[in-house]
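**Student:** sequence isn't available, so here's the structure alone:
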C-alpha cells in the first residue's frame, strides 16, 4: 500500500496528501513490492501445485522425481546468507537514496521547490529501495536452494558409491540360469529349478611377439656422438701414421723419363732385374708428365738403380727437406732479411748458413701489417726450431711443421701446380663444382663436398682418405732427421 513520505524527524511534510498518485500503477508494474509473489525459475521446488502440475508436465516436459516430492513435502528452502557483493550494492543504493533525499530537502529550503515534486521524487526513491531489498531477498533464496541442491547431490553420490561397493562384493564367479529340468517331477522345490553353469577358464593371452611373429631387423642408425667419435678416431689414427712417417728415414726416389710414351713397367722391371737378382721396390707410380717414379728403401736395390746408364734415363730425387710455417711476420720483411735475422738472433742456429734456411712463399690471411711465411729448412735446423720460440726481427714466433702437399689452387688437384693448370674456370672449394669460387657459391648453406673423394666434408680435410694418403706420402718423402735420434 502506498504511504506518504515521512521525513527523518517523523513529521509529514506540508501539504501532504493521502491520495495515491496517478502514476502509481506504472511504478508498481515496473518495480513490484515485496508483497508481490517473486518470479520463479521453471522447475523450481516448493511452488508447484497439483493444479498446474499437469500443465507443466505437458508443456515443459517436467517429470516429478522422488527428490522433488520430498522437497514439496519439506516446504520452501530456507533463505541462505546474502552474498557480500549483493549486500555491498544494496548498502550503496540505500546510501545514495539517503543522500538524494537530503539534497532535495536542501533544495526545498533554498530554492523553494514545490513540495509535491519533492514528495513524488521521494516516492520513486522508496520504490527503488524496495526493489533493491527484493533483489537481495531473491538472491538469498536462490543461494539457499543452491546449497540445498548441493547437499542433495552429495548425498546421492554417497548412496550411489555405497551401492556400487556393495554390488561389487557379490560373488560373480558363477552364473545361474533358470531352466526346467527334463524328467524331474513337478513337485520339486523351486530351489532345484536351477542349473549351474561354470565359466570356462580364460585362455592364456598370447604375447605380442607370438601374434606378430619375428620383427624384421632394423637398420643400424648412427648417432651424432658415434659419428664424432669415429671422426676423432680417424684423426688420431692419421696423426699416429704421420708421426711414425716422420720417425722413419726418407726413401730414395728415382724418376725414369717416359715422355715419349713407349716406356712400360715391364721394360723397367727387365732392366732393374738385370742389375740385381732380388730387386725390392716399395712402389712405382706414373706422373702427369708421363714419367715413372720408383721408390725403394732397400740399399742394394737403390744402388743397382743408380748404376743403370743404358736403355733408361734415370735421375735420383733426393729426400724432400722439411718445411715450417712462421706466423705474424711483418709484410715489409724481405726473404733475405728474414734469413739473416733468424741466423743472427737465435743462438741455437750458430754455425748454420743461408743454405739451411730458404723462404719459399707467403700464405694464410694477409692484412696491412703482418703475414705468414713457409720456410724450407735442413733436417738439423728443423729439429732445433720446430715448436720452439724463434726470434725474427721485432717479433717472436713458434714455427710449426708445414705438411700441405703441393696442389693447384684453381682446380684443387694435386698432380700439377697452379701455373701449369689448363682449366679455364676454377673449382669451388665448398661444393667442388666448377664455374665459381667459394665466395660466390650458391650452396653455402648446404654441407660441403670434397673435390678429391666427393665425400661430405671440406676439400683437403684431415678426415678425407685421399688427402690423408697424399699427406702421408709427402711425409715419407721428407727427411726430418728424427731417425738419427733413435739410432
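**Tutor:** Looks like it arrived, so ask away. Note that the coordinates shown come from a computational prediction; the quantities given were computed from them, not determined experimentally.

**Student:** now the helices for the stretch 251-400 of the chain?
**Tutor:** Counting by DSSP state H, counting those that start in this stretch, one finds helices in the stretch 251-400 of the chain at the ranges 265-275, 299-306, 335-345, 379-385.

**Student:** right, and the ones you listed - which one's nearest residue 156?
**Tutor:** Closest of the helices of the stretch 251-400 of the chain to residue 156 is helix 379-385, at 97.3 Å (criterion: C-beta to C-beta). The C-beta positions use only the backbone N, C-alpha and C, and glycine is treated the same way.

**Student:** contacts for the closest one?
**Tutor:** 321-322, 324, 346, 348-349, 352, 356-357, 377, 399, 401, 479-482, 485 (C-beta atoms under 8 Å, 6 or more residues apart in numbering).

**Student:** number of residues surrounding the closest residue to residue 453 other than its chain neighbours?
**Tutor:** The shortest distance from residue 453 to any non-neighbouring residue, by C-beta to C-beta, 6 or more residues apart in numbering, is to residue 466 (4.9 Å). Counted with other C-beta atoms under 10 Å, residues neighbouring residue 466 total 15.

**Student:** any idea whether residue 466 is helix, strand or coil?
**Tutor:** With DSSP: H, G, I helix; E, B strand; the rest coil as the basis, residue 466 sits in helix.

**Student:** what's the separation between it and residue 448?
**Tutor:** Using C-beta to C-beta, to the nearest Å, residue 466 is found at 15 Å from residue 448.

**Student:** please apply the same query to residue 461.
**Tutor:** Look at residue 461 and residue 448: by C-beta to C-beta, they are 8 Å apart.

**Student:** give me the more crowded residue out of these two.
**Tutor:** Shown here are residue 461 and residue 448; by other C-beta under 10 Å, residue 448 has more neighbours (20 against 16).

**Student:** any idea how far residue 358 is from that one?
**Tutor:** 34 Å.

**Student:** what sits against residue 393?
**Tutor:** Taking C-beta under 8 Å, 6+ apart, we find residue 393 in contact with 330, 333, 337, 338, 341, 345.

**Student:** neighbours of the second one, how many?
**Tutor:** By that I understand residue 333. Applying other C-beta under 10 Å, we find 18 other residues in the vicinity of residue 333.

**Student:** tell me the contacts of it?
**Tutor:** By C-beta under 8 Å, 6+ apart, the residues touching residue 333 are 341, 392, 393.

**Student:** quick one: the first one and residue 390 touch, right?
**Tutor:** Yep, that's residue 341 we're talking about. No. If you go by C-beta atoms under 8 Å, residue 341 and residue 390 don't touch, sitting 9.8 Å apart.

**Student:** which of those two has more neighbours?
**Tutor:** residue 390 (22 against 18).

**Student:** mind putting the helices of the stretch 251-400 of the chain into CSV with distance to residue 283?
**Tutor:** Output for the helices of the stretch 251-400 of the chain, formatted as CSV (distance: least, C-beta to C-beta, whole Å):
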stretch, distance to residue 283
helix 265-275, 12
helix 299-306, 12
helix 335-345, 35
helix 379-385, 23
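
**Student:** do you know which of those helices lies nearest residue 226?
**Tutor:** Within the helices of the stretch 251-400 of the chain, the stretch nearest residue 226 is helix 379-385; the backing value is 38.3 Å (C-beta to C-beta).

**Student:** now do the buried residues in that closest one.
**Tutor:** 379, 381, 382, 383, 385 (16 or more other C-beta atoms under 10 Å).

**Student:** do the same with stretch 455-472
**Tutor:** 455, 457-461, 463-464, 467-468, 470-472.

**Student:** quick check: the farthest pair among those?
**Tutor:** Farthest-apart pair in the buried residues of stretch 455-472 is 458 and 472; separation 18.8 Å (C-beta to C-beta).

**Student:** residue 392: neighbour count?
**Tutor:** Residue 392 has 21 nearby residues by other C-beta under 10 Å.

**Student:** measure residue 292 to residue 272 for me?
**Tutor:** Counting by C-beta to C-beta, the gap from residue 292 to residue 272 is 11 Å.

**Student:** now stretch 400-407: buried residues?
**Tutor:** Result for stretch 400-407 [16+ other C-beta under 10 Å]: buried residues 401, 402, 403, 407.

**Student:** out of the helices of the stretch 251-400 of the chain, which gets nearest to residue 436?
**Tutor:** Across these, closest to residue 436 is helix 335-345 (C-beta to C-beta), at 34.1 Å.

**Student:** outline the domain layout of this protein.
**Tutor:** Domain ranges of the chain: 24-155, 247-317, 320-402, 409-487, per automatic domain parsing.

**Student:** same question for the shortest one, mean pLDDT?
**Tutor:** Within the predicted structure, the mean pLDDT of domain 247-317 is 79.

**Student:** equivalent analysis for stretch 163-183, please.
**Tutor:** On average, stretch 163-183 scores 57.

**Student:** in this protein, where's the longest helix?
**Tutor:** Of all the segments of type helix in the chain, defined by DSSP state H, the longest one is helix 115-168.

**Student:** quick one: list the elements packing against that one.
**Tutor:** Applying 3 or more C-beta pairs under 8 Å, 6 or more residues apart in numbering; DSSP states H and E, we find helix 115-168 packed against helix 24-30, helix 84-111.

**Student:** okay, the angle between the last one and helix 115-168?
**Tutor:** Regarding helix 84-111 and helix 115-168, their directions subtend 180 degrees when assessed with axes from the mean of the first three to the mean of the last three C-alpha atoms, to 10 degrees.

**Student:** quick one: distance of helix 84-111 to the chain centre.
**Tutor:** Helix 84-111 sits 65 Å away from the centroid of its parent chain (C-alpha atoms, centre = their mean, to the nearest Å).

**Student:** could I get the pLDDT score of residue 87?
**Tutor:** On pLDDT, residue 87 comes in at 75.

**Student:** so what's the residue count around the closest residue to it other than its chain neighbours?
**Tutor:** In space, and not counting its chain neighbours, residue 87 is closest to residue 136: 7.1 Å by C-beta to C-beta, 6+ apart. Using other C-beta under 10 Å, the number of residues around residue 136 comes to 19.

**Student:** find the centremost residue of this structure, please.
**Tutor:** Nearest to the mean C-alpha position of the chain, by C-alpha atoms, centre = their mean, lies residue 224 at 14.8 Å.

**Student:** so what's the closest residue to residue 479 other than its chain neighbours up against?
**Tutor:** If the residues on either side of it in the chain are set aside, residue 479 comes closest to residue 319, at 3.6 Å by C-beta to C-beta, 6+ apart. Residues counted as contacts of residue 319 (C-beta under 8 Å, 6+ apart) are 250, 252, 477, 478, 479.

**Student:** would you list the phi and psi of the fourth one?
**Tutor:** In this case it means residue 478. Dihedral pair for residue 478: phi -100, psi 130, per degrees, to the nearest 10.

**Student:** quickly list what it is bridged to.
**Tutor:** Residue 478 has the following beta-bridge partners by DSSP bridges: residue 320.
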